[in-house]
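Enquirer: sequence unknown, structure follows:
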Ligand SMILES: Nc1ncnc2c1ncn2[C@@H]1O[C@H](COP(=O)(O)OP(=O)(O)OP(=O)(O)O)[C@@H](O)[C@H]1O
């Protein structure tokens, strides 16, 4: 088999003389890197039909036996990514956007820098081809895990994972001490990174990689990374002040994009009505929620995108037109059932307006007086044993800042209704460790989510079987570390502290937060439950959200 990357390439260190002219693309560099064992199925459209190279398509089939055929959206995406188009990708949560993006990027030809002093081609050096910006580390590691499986599915002489993909996220100073040298020595085909980590690495070493010379830049969960304010025709003083603040203190993703696309913005400003040369890198924006204000930012305010952008949404592809700016595209999954529990000292009731076929009026579904032994009689006795091991002296000595009524409601529903895996989302400023401690004290098999750890998330990335387990698990995370995360066997999402998730002066942001939290279930046509647990004060907030999204809360009778 052809060697994936000749070692001689790595001897050249000639970054300072690299220019756009001496970058060239060689498709052979990635052509031979995946060799898989299984032939693709002939009965349904295959990934090869969608445009993946044969060896890569076979590796995908081997790595993901349950994924037999690309969706129409993925086929359209793969083709347009290959053609170097700028793309806006928007579809429901869990519809395969991120997975499709990873395949499309693996399929791209590898960027290679050619040493201009070398006449015989021996100065070729693989360079970073694509930068995938993500909002948090767990999504980065999820993507890396997918790539790792595909690379491993290469039958003979698989390339090293680090030559194909690397992750750059802020973890102490490791992104500087370990991540930066690795990128310099072995630039990956795909770098998956948070914007802040890229900024810090480039500050440390501006020649670590060259942003403007990338082939593709992807912003997954773009609306989370680029903060925008709702468009307002008659902005009041406060709104103007906030707009000003955003401009004065742009987040790291905004700063990076300004740096990469300044030339393109100038070009688009001059040539608004004409088709013109395409300024690299290709730009791809992806999310389930892309609001008007975000489109306005990319098309009008910054002019990073022009009229040649391809919009891919639910298998629909069309050229971008002005009318698109006038609409908000929202996507909330129909396979999700929404529940709201109101927990107090005395009991836990369904939201008064929640409906079922049989019952129309709220009645206590769980009375603490009658059931105050539920934790000790929980079927999870073996968990209680392990609680002692994890009991922290620190927590046992201090009162919990978390509302115990709400946690008890979660514990009760978890014990009776969750077959295998559930997620509990707490506000960004909440303590995951404390929530885990309190829940374990209640007999719940809770762990803080961490996709690098097998038990805390990694093993659930590909586990699609949601069958009843002897020991169901509750993963706890904050709302800022859950966007895009995919656990196929997840059946329940519990949302705690919803009041804190309400962005007071940005209502659309509140709605989008709810949509993305819900979107951890109901993925790829699977059903799922979202259970928001509030106290009396939180009722009006969640009612308003459900009403705006045209969602009817359903009574949860699990405890009745
Ligand atoms: N063609 C396919 N056939 C079957 N399953 C698929 C296919 N493509 C993706 N999936 C599965 O669908 C799930 C969701 O994929 P992914 O995370 O890419 O969705 P997403 O649209 O990016 O979601 P979000 O908007 O929440 O980020 C994953 O478990 C993935 O393995």
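Expert: That came through, no problem. Fair warning: this is a prediction, and the values are worked out from it, not measured in the lab.
Enquirer: end to end, how far does stretch 297-307 reach?
Expert: Stretch 297-307 has an end-to-end distance of 14 Å (C-alpha to C-alpha, to the nearest Å).
Enquirer: sec struct for the residue most central in space within the chain, please.
Expert: When C-alpha atoms, centre = their mean is applied to the chain, the residue found nearest the centroid is residue 484 (2.4 Å). The three-state assignment at residue 484 reads coil, by DSSP: H, G, I helix; E, B strand; the rest coil.
Enquirer: now the stretch 251-400 of the chain against the ligand: closest residue?
Expert: residue 288 (4.4 Å; C-beta to the nearest ligand atom). Placement of C-beta: from N, CA and C, glycine included.
Enquirer: please name the nearest non-neighbouring residue to that residue.
Expert: Nearest residue to residue 288, sequence neighbours excluded (C-beta to C-beta, 6 or more residues apart in numbering): residue 93, at 4.6 Å.
Enquirer: my guess is that neighbour meets residue 526, correct?
Expert: No - look at residue 93 against residue 526 with C-beta atoms under 8 Å: they stay out of range, at 11.9 Å.
Enquirer: what residues are up against the closest residue to the residue nearest to the centre of the chain other than its chain neighbours?
Expert: Using C-beta to C-beta, 6+ apart and skipping the chain neighbours, the partner closest in space to residue 484 is residue 139 (4.4 Å). By C-beta atoms under 8 Å, 6 or more residues apart in numbering, the residues touching residue 139 are 98, 220, 221, 483, 484, 485.
Enquirer: farthest pair within the residues you listed?
Expert: 220 and 485 (11.6 Å; C-beta to C-beta).
Enquirer: now stretch 542-556: buried residues?
Expert: Neighbour-count burial for stretch 542-556 flags 542, 543, 545, 546, 551, 553, 554, 555, 556 (criterion: 16 or more other C-beta atoms under 10 Å).
Enquirer: out of the contacts of residue 139, which are close to the ligand?
Expert: 98, 484 (C-beta under 6 Å from any ligand atom).
Enquirer: and the contacts of residue 139 as a markdown table, adding pLDDT?
Expert: Shown next, in a markdown table, are the contacts of residue 139 (pLDDT from 0 to 100):
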| residue | pLDDT |
| --- | --- |
| 98 | 97 |
| 220 | 98 |
| 221 | 97 |
| 483 | 94 |
| 484 | 95 |
| 485 | 95 |
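Enquirer: drop anything exposed from the contacts of residue 139.
Expert: Buried subset of these (neighbour count, 16+ other C-beta under 10 Å): 98, 220, 221, 483, 484, 485.
Enquirer: can you list the weak-confidence ranges in the stretch 201-350 of the chain?
Expert: 267-279, 314-334 (pLDDT under 70).
Enquirer: ok, now the chain?
Expert: Those would be 1-43, 115-123, 267-279, 314-334, 357-397, 464, 466, 558-560, if you go by pLDDT under 70 across the chain.
Enquirer: for the stretch 51-200 of the chain, what lies in contact range of the ligand?
Expert: 67, 69, 70, 71, 74, 93, 94, 95, 96, 97, 98, 99.
Enquirer: sorry, back to before: and which of the buried residues of stretch 542-556 is nearest to the ligand?
Expert: Checking these one by one against the ligand (C-beta to the nearest ligand atom), the nearest turns out to be residue 551, at 17.4 Å.
Enquirer: quick check: closest non-adjacent residue to that closest one.
Expert: residue 338 (5.1 Å).
Enquirer: pull up the pairing partners for the helix or strand containing the one you found, direction included.
Expert: Here residue 338 sits within strand 336-343, counting by DSSP states H and E. Under the criterion DSSP bridges, strand 336-343 sits next to strand 347-350 (antiparallel), strand 528-534 (parallel) in its sheet.
Enquirer: for the residue nearest to residue 288, what are its contacts?
Expert: So residue 93 contacts 288, 331, 333, 515, 516, 518, 519, 520, 522, 523 (C-beta under 8 Å, 6+ apart).
Enquirer: count residues in the vicinity of residue 61, would you?
Expert: Using other C-beta atoms under 10 Å, residue 61 has 22 neighbouring residues.
Enquirer: what helices and strands are in contact with the helix or strand containing it?
Expert: Per DSSP H and E, residue 61 falls inside helix 54-63. For helix 54-63, the packing partners by 3 or more C-beta pairs under 8 Å, 6 or more residues apart in numbering; DSSP states H and E come out as helix 97-106, helix 137-152.
Enquirer: run the angle between the shortest one and helix 137-152 for me.
Expert: With axes from the mean of the first three to the mean of the last three C-alpha atoms, to 10 degrees as the criterion, the two stretches helix 97-106 and helix 137-152 enclose an angle of 50 degrees.
Enquirer: for helix 97-106, which outside residues touch it?
Expert: 30, 34, 47, 52, 56, 60, 67, 70-71, 73-74, 77-78, 81-82, 89, 91, 129-130, 132, 139, 142-143, 146-147, 150, 164, 189-190, 216, 218, 220, 284, 286-288, 484, 486.
Enquirer: now, of these, which are buried?
Expert: Buried among the contacts of helix 97-106 by 16+ other C-beta under 10 Å: 30, 34, 47, 52, 56, 60, 67, 70-71, 73-74, 77-78, 81, 89, 91, 129-130, 132, 139, 142-143, 146-147, 150, 164, 189-190, 216, 218, 220, 284, 286-288, 484, 486.
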